[in-house]
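> quick one, structure for this:
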Amino acid sequence: MRNSRNKKILPAIGTICMLFLLLSACKNSSAVTVNTETEITAAEVRQYTDAGIAMGTVISETIYSDGEDVTEEVLNKLTELENNILSWRVESSEISLLNAEAGTGKKVLLSGETDTYIKQALQLAQDSSGAFDPTIGKITRLWDIDGENPRVPEAEEIGSLLVEMGYEKIEYSEEGVLLPENVSIDLGAIGKGIGCDVIRNYLSEKTEISGAVISVGGSIVTYGSKPDGEPWQVAITDPRDDTGEYFAVLTLAGENYISTSGDYEKYIEQVGQRYHHILDPETGYPADSGLISVTIVCDSGINSDGLSTACFVLGLNDSLTLLEKYGAEAVFVDTEKNVYVTDGLKDKLSIIEDEYVVAE
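Take a look at the predicted model:
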């Protein structure tokens with residue numbers, strides 16, 4: 001069982017901030033959006049913008065560079081990541097090949113990248129006491145909330161899969177990864193964050209690039225700076241506004257990884273009840289922690305993505321020790337539209353919708 005912990009969260013005191021969205025045409029694809037409007041102060045620096053599809057989501061890019069446009073290459077990098085490593089649908093991907101060996105007794109050696117991703121996923125699962133669990137994929141597909149045949153499964157169906165899953169069942173050693181029968185790995189809950197890490201590494205190899213902000217679905221990476229030196233403004237989607245408007249803005253400088261998880265992103269309704277896509281690995285049902293949105297800011301994409309899921313499942317109080325362990329900051333919104341923010345963001349958050357109240 002997960003233990004409850006109590007610690008005071010300091011409220012944010014923000015001023016109203018108008019956000020002019022260069023990428024407004026794509027704003028509904030992401031829980032967070034960045035203001036990229038700036039005056040290009042250095043004549044040799046150009047601004048490249050693009051939007052496309054990769055990893056099953058909209059990718060929005062703004063890159064500042066005195067070299068060539070690499071927005072298409074960024075999309076290619078993400079597509080390669082999905083097809084070669086992360087996708088459980090692509091039979092030739094490393095994750096699919098690993099899952100195919102479940103129950104055979106064979107230890108599978110992975111590439112350095114994939115090995116690192118699985119190590120980090122298992123560490124986060126352990127640190128969150130299973131609130132994030134990379135073996136929940138079969139139950140996610142049973143609900144199929146973001147698929148073609150969404151439904152509310154019978155309790156017996158969920159129960160039969162719960163006994164098969166569990167990150168503790170994965171055997172990991174220098175000789176490779178061993179999956180028991182019926183256990184599979186799904187990195188979908190951290191895939192967009194991994195994409196942000198891959199993008200950042202690619203950008204760092206390009207000395208001509210001075211700054212960039214790239215959105216991969218609900219995860220964002222800000223890199224370097226704008227030509228005018230102004231900070232990035234990251235808008236957080238209003239979890240109770242179906243039009244995709246925003247309720248708050250984070251003002252951030254330099255390199256950041258931001259991910260938001262909410263009960264509004266993907267859901268189905270049955271007999272007047274909403275079932276969202278963020279499942280609690282302990283029950284197999286949508287998490288019911290009293291939260292409707294969690295935004296994480298930290299120093300890596302895989303952690304921001306994974307922590308946003310884990311904290312949404314854990315709830316406000318039980319998330320605090322986990323955040324401290326990872327040096328991460330967070331903005332929480334509960335069902336009453338109360339907003340809570342950790343210390344490192346209290347001076348960076350501006351509330352722009354009056355119905356959201358910063359909790360004391």
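
> so which residues of this structure form helices?
For the chain, applying DSSP state H gives helices covering 71-81, 94-100, 112-127, 137-143, 155-162, 188-204, 301-314, 316-326.

> just say which of the ones you listed is most tucked in.
Sort the helices of the chain by mean neighbour count, taking mean count of other CB atoms under 10 Å, and helix 301-314 sits at the top with a mean of 29. All C-beta atoms are positioned from the backbone trio N, CA, C, and that covers glycine.

> Tyr167 is in contact with Val177, correct?
No - assessed by CB atoms under 8 Å, Val177 is found out of contact with Tyr167, at 11.8 Å.

> need the pLDDT of Val313.
At Val313, the pLDDT value in this model is 98.

> how about Glu44?
You'll see Glu44 listed with a pLDDT of 86.

> now do the contacts for it.
By CB atoms under 8 Å, 6 or more residues apart in numbering, the contact list for Glu44 reads Asp66.

> low-confidence ranges in the stretch 51-200 of the chain?
The model of the stretch 51-200 of the chain has no residue with pLDDT under 70.

> so the residue nearest to Glu353 when sequence neighbours are not counted versus Leu349, what's the distance?
Among residues not flanking Glu353 along the chain, Phe247 sits closest, at 4.1 Å (CB to CB, 6 or more residues apart in numbering). Note on Phe247: its distance to Leu349, by CB to CB, to the nearest Å, is 10 Å.

> could you do Ser215 as well?
Distance of Ser215 to Leu349, given as CB to CB: 19 Å.

> so for the two, which residue has more residues nearby?
Ser215 (29 against 24; other CB atoms under 10 Å).

> quick check: beta-bridge partners of the closest residue to the more buried one other than its chain neighbours?
Closest residue to Ser215 apart from its sequence neighbours, by CB to CB, 6+ apart: Ser60 at 4.3 Å. Here Ser60 sits in beta bridges with Ala51, Ser215, going by DSSP bridges.

> list the contacts for Val331?
Contacts were defined as CB under 8 Å, 6+ apart; by that measure Val331 touches 12, 236, 248, 250, 293-295, 339-342, 345, 349.

> my read: Val108 touches Leu97, true?
Yes - if you go by CB under 8 Å, Val108 and Leu97 touch, sitting 7.1 Å apart.

> can you mark which positions in stretch 290-300 are buried?
Using 16 or more other CB atoms under 10 Å as the test for burial, stretch 290-300 gives 291-298, 300.

> which pair of the residues you listed spans the longest distance?
Ile292 and Ser300 (25.1 Å; CB to CB).

> and the residue nearest to Glu353, how far from Lys192?
According to CB to CB, Phe247 and Lys192 sit 21 Å apart.

> just checking, Ala310 touches Gly130?
No - applying CB under 8 Å, one finds Ala310 not in contact with Gly130, separated by 9.0 Å.

> circling back: I'd like the contacts of Val331 as TSV, with distance to Lys206 and pLDDT appended.
As requested, the contacts of Val331 are arranged in TSV below (distance: CB to CB, whole Å; pLDDT from 0 to 100):
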residue	distance to Lys206	pLDDT
Ala12	35	34
Ile236	29	97
Ala248	32	97
Leu250	26	98
Ser293	34	97
Val294	32	98
Thr295	28	98
Val339	37	98
Tyr340	38	98
Val341	34	97
Thr342	33	97
Leu345	29	97
Leu349	31	97
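
> among those residues, name the ones in strands.
Counted as lying in strands by DSSP state E, out of the contacts of Val331, are 236, 248, 250, 293-295, 339-341, 349.

> among these, which one lies nearest to Ser160?
Looking at these and their distance to Ser160, the nearest is Val294, at 29.7 Å (CB to CB).

> who touches that closest one in this structure?
Applying CB under 8 Å, 6+ apart, the residues contacting Val294 are 260-262, 308, 311-312, 319, 330-333.

> from these, pick the one nearest Thr114.
Closest to Thr114, out of all of these and judged by CB to CB, is Ser308, at 22.0 Å.

> contacting residues around that closest one?
Residues in contact with Ser308, defined by CB under 8 Å, 6+ apart, are 218, 259-261, 294-296.

> ok, 6 Å please
By CB atoms under 6 Å, 6 or more residues apart in numbering, Ser308 lies in contact with 259, 261, 294, 296.

> repeat for Leu307
296, 328.

> for it, report the pLDDT, please.
With respect to pLDDT, Leu307 scores 98.

> check Ala25 too.
31.

> again with Glu265
At Glu265, the model reports a pLDDT of 84.

> that one and Ile145: what is the separation?
Distance of Glu265 to Ile145, given as CB to CB: 10 Å.

> chain neighbours aside, what residue packs nearest to the most centrally placed residue in the chain?
Most central in the chain under CA atoms, centre = their mean is Asp305, positioned 2.8 Å from the mean C-alpha point. Closest residue to Asp305 apart from its sequence neighbours, by CB to CB, 6+ apart: Gly193 at 2.7 Å.

> likewise Ser65?
Counting by CB to CB, 6+ apart, Ile209 is the residue found nearest to Ser65 once chain neighbours are left out, at 4.6 Å.
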